[in-house]
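>>> Here is a sequence with its predicted model. Questions after.
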Amino acid sequence: MKTVAYTLMLALLLSLGAAYAEDTAENVTAENVTAENVTAENVTAEVAALYIADVNIEEGYVEIANDGETAQSLENYTLKVDENEPVTLGAIEVQPASSVKLFLGAGENTETEIYLNTTIEFAESGTVSLMDPEGNEVSTLEYPMTE
C-alpha cells in the first residue's frame, strides 16, 4: 500500500512540476534576462521567426517567410547570394504567417514582391544566407532545392 501511495505522490509532484515549467517558460524575454534577475517567474523564450523559404533561380527571387505571431522588419538585414557582396535590405516588413519575395533584379515593388535592383545572378547551384543587422546568420538555404 505504501508503494502505491508513494507512486501517486511522485506522479502528482511530476505533473505539478511540468505545469509550473510550462507556465513560467512564457515569461522570458531578452529585455528581462540578466544574471541578477533570472528567475522562473520572469523567463520566456522567443524563437527566430524569419527564414529563407525558397530560392527560385528561374524567376530570380529569394522568398523570406515569417512563422512568428508578429510582423518582422528586415531593415538592415543582409542577403548574401553565393560569393557576391551582401545586399543590405531596407524597410521591408514581413507579416505574421506570411512571406515576401526578394527579386534580385529590377521591377515594381508590391507589398509581397520587392525588387532589390542588383546585378547579382543565381548560379546553377549555390547558397543564399540571411543575416540580422548584427551579422548573425538567421537562415541559409542551398539551391537548387531537391524534393
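Cool, got the structure.

>>> in this structure, which ranges drop under the pLDDT threshold?
Within the chain, the segments meeting pLDDT under 70 span 1-48, 146-147.

>>> all strands of this protein, in order?
For the chain, the strands defined by DSSP state E occupy 26-28, 43-44, 50-56, 61-66, 72-73, 78-81, 87-88, 93-94, 98-103, 113-115, 126-131, 137-143.

>>> Those into a markdown table, with extra columns for mean neighbour count?
(Glycine included, C-beta is placed from N, CA and C.) Listed next are the strands of the chain as a markdown table, based on neighbours: other C-beta atoms under 10 Å:
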| stretch | mean neighbour count |
| --- | --- |
| strand 26-28 | 13 |
| strand 43-44 | 14 |
| strand 50-56 | 18 |
| strand 61-66 | 22 |
| strand 72-73 | 17 |
| strand 78-81 | 19 |
| strand 87-88 | 16 |
| strand 93-94 | 16 |
| strand 98-103 | 19 |
| strand 113-115 | 17 |
| strand 126-131 | 18 |
| strand 137-143 | 15 |
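
>>> what pairs with Glu142 across the strands?
According to DSSP bridges, Thr127 are recorded as the beta-bridge partners of Glu142.

>>> ok, it touching Glu124?
No: counting by C-beta atoms under 8 Å, Glu142 stays clear of Glu124, with 11.9 Å between them.
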